[in-house]
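[1] Just a sequence and a predicted model for now, questions to come.
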Amino acid sequence: MNICIVGGGHIGTTLTCYIKNHNPADKVSLFTRRPEKFSKVLKCNDWEGSFSFEVEPDNISGDPSVAAKDADIVFIALPHFAVEKAFKDIAPYVSDSALIGVLPGGGGCEFFFGKYFTNSQTLFGFQRVPFTAKLEKYGQEANLKSWKPFSVVGTQRPERLDWACEQIEACGLKTKKADNYLSVALTPTNPILHTSRTYEIFGKYTKNHVFSDKCKFYVGWTDEASHTLLTMDSELHQILDKIDELDTSAIRPLTEHYESPTEGAMTAKINSIATFQSVYAPMIEVPGGFSSDTTSRMFTEDFPWGLAIIRSYADIIGTKAPMMDKLLSWYAEYMGLEWYVDGKFIGKDLKSTGIPQIYGVNNRKKLLSYYL
């Protein structure tokens, strides 16, 4: 098999190492914008297995005509705002029947996939990344920290799901099938988790506020953040409950996913997750202390390419989402953007997000056509 991984960050580098080590005979290429920073041989440390291994990818290139040439399957591990450019870059070079995957599969990519690929090519997405990972040294070494028992996978073409999962499993990744791509697109991962805590940390202050210390992101999570998280999760499920044309049972409430039925239990759970312990809040050092780092993906991805998209479905389906509105209104004001006009989610700056309305998807029939 000819496999291309797009993105040289934590997940992309680790995935390159894992797949090449699992299937040494397969061609595995990494497409990254900084190939000059990469060693020819990459090292991966599997923390759970307590072992390390080295691999030599077949290509590490910034040229899509090299990295994506005749690729049978592509895994895109990039911020969602960068996915469309990746589609455009690789589209001329992948195989005619290529599987194109996004990890995780949100960000509205289903609405622009057809601009670049044919009907014989297939979009798939993961609900969540298959493991957590952290670069030890960029372009050289990565730490694979925590495997999930399986990844829930959906395809935009439901009739191709079985075949897609077979190909993904051939790469060494265990899968569980979702009935439709919506079950991937609206999974409440970072768009709800990260935004709840980001709002808790920064929501009481102006953008120029200076904090005395750089705090942890998950350690110190409070019942206030849990209340925000679970309220937005409930709002999401109100949207899903009104989409009775599709089976969305693969999107489990966060109380089930984290096995935490109350706000207090959720707070304790998030504070206790081992892989969360070392994550810091998005802050940069400034004179006198620390201020918010609005270039962080917590700001640039999770609001405009995550929570805003979920909120936009509420307008199309016909439900209310007051907690989402509260956080998105704060974010727009904090960042100096026009997202709300007279209380409606119609501001001019929404054109720079991933909401379906900017692609002309503004009613139930058009929306569901992407998932049926």
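    Nice, thanks for sending it over. Numbering: from 1, shown residues only.

[2] use CA for all of it now, contacts and neighbours both
    OK.

[3] Quick check: the residue in the chain sticking out farthest from the centre vs residue 193, distance?
    Within the chain, residue 288 marks the point farthest from the mean C-alpha position, 33.8 Å out by Cα atoms, centre = their mean. According to Cα to Cα, to the nearest Å, residue 288 stands 29 Å off from residue 193.

[4] How about residue 82?
    21 Å.

[5] Of those two, give the one with the bigger neighbour count.
    The residue with more neighbours, out of residue 82 and residue 193, is residue 193; 21 against 14, by other Cα atoms under 10 Å.

[6] Could you double-check that that one sits in contact with residue 229?
    Yes: using Cα atoms under 8 Å, residue 193 is in contact with residue 229, at 6.2 Å.

[7] Let me see the ranges of the strands in the stretch 201-350 of the chain.
    For the stretch 201-350 of the chain, the strands defined by DSSP state E, counting those that start in this stretch occupy 283-286, 289-292.

[8] Of these, flag the one that's most buried.
    Mean neighbours per residue, mean count of other Cα atoms under 10 Å, is largest over these for strand 289-292, with a mean of 20.

[9] And it, what does it pack against?
    On a contact count with 3 or more Cα pairs under 8 Å, 6 or more residues apart in numbering; DSSP states H and E, strand 289-292 meets strand 283-286.

[10] Pairing partners for the strand it packs on, with directions?
    strand 289-292 (antiparallel) (DSSP bridges).

[11] Skip the chain neighbours and tell me the closest residue to residue 35.
    residue 61 (5.3 Å; Cα to Cα, 6 or more residues apart in numbering).

[12] partner residues bridging the one you found?
    Beta-bridge partners of residue 61, as defined by DSSP bridges: residue 31.

[13] Could you measure from it over to residue 88?
    For residue 61, the distance to residue 88 - Cα to Cα - is 16 Å.

[14] Who has more neighbours out of these two?
    Set residue 61 next to residue 88 and count neighbours by other Cα under 10 Å: residue 61 wins out with 20 against 14.

[15] now stretch 30-38, how far from the centre of its chain.
    21 Å (Cα atoms, centre = their mean, to the nearest Å).

[16] Identify all contacting residues around it.
    Contact partners of stretch 30-38, identified using Cα atoms under 8 Å, 6 or more residues apart in numbering, comprise 4-8, 12-13, 16, 57, 59-64, 67-68, 138-140.

[17] Identify those among those residues that sit within helices.
    Judged by DSSP state H, the contacts of stretch 30-38 include 12-13, 16, 64, 67 as members of helices.

[18] For residue 320, state which of those residues is nearest.
    residue 12 (36.6 Å; Cα to Cα).

[19] residue contacts, the closest one?
    With Cα under 8 Å, 6+ apart, residue 12 has these contacts: 5-6, 30, 76-78.

[20] And stretch 107-121, what's buried?
    Buried residues in stretch 107-121, defined by neighbour count with 16 or more other Cα atoms under 10 Å: 107-111, 113, 117, 121.

[21] pLDDT (mean, whole number) over that stretch?
    For stretch 107-121, mean pLDDT is 96.

[22] rewinding a little: counting only strands, which of the buried residues of stretch 107-121 make the cut?
    Within the buried residues of stretch 107-121, no residue falls in strands by DSSP state E.

[23] Output these as JSON lines; include the columns distance to residue 272.
    Formatted as JSON lines, the buried residues of stretch 107-121 follow (distance: Cα to Cα, whole Å):
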{"residue": "107", "distance to residue 272": "28"}
{"residue": "108", "distance to residue 272": "32"}
{"residue": "109", "distance to residue 272": "33"}
{"residue": "110", "distance to residue 272": "35"}
{"residue": "111", "distance to residue 272": "37"}
{"residue": "113", "distance to residue 272": "38"}
{"residue": "117", "distance to residue 272": "43"}
{"residue": "121", "distance to residue 272": "42"}
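
[24] on that earlier part again, farthest-separated two in the contacts of residue 12?
    Taking Cα to Cα, no two of those sit farther apart than 30 and 78, at 12.4 Å.

[25] shared neighbours, those two?
    6-7, 12.

[26] ok, now which ones touch residue 298?
    Residues near residue 298 by Cα under 8 Å, 6+ apart: 194-195, 198, 282.

[27] again, only this time at 10 Å
    Each residue near residue 298 by Cα atoms under 10 Å, 6 or more residues apart in numbering is listed here: 190-191, 194-195, 197-198, 281-282, 304.

[28] again with residue 68
    By Cα under 10 Å, 6+ apart, the neighbours of residue 68 are 2-6, 28-31, 59, 61, 74, 89-95.

[29] Need the residues that contact the lowest-mean-pLDDT helix or strand in the chain.
    Sorted by mean pLDDT, DSSP states H and E, the helices and strands of the chain end with strand 141-147, the least confident at a mean of 91. Defining contact as Cα under 10 Å, 6+ apart, one finds that strand 141-147 is touched by 9-15, 17-18, 38-39, 41-49, 52, 54, 129-137, 274-275.

[30] Report the beta-bridge partners for residue 52.
    With DSSP bridges as the criterion, residue 52 is bridged to residue 45.

[31] From residue 130, how far off is residue 147?
    For residue 147 relative to residue 130 (Cα to Cα), the value is 6 Å.

[32] Look at these two and report which has more neighbours.
    The neighbour count for residue 147 versus residue 130, taken as other Cα under 10 Å, is higher for residue 130 (21 against 15).
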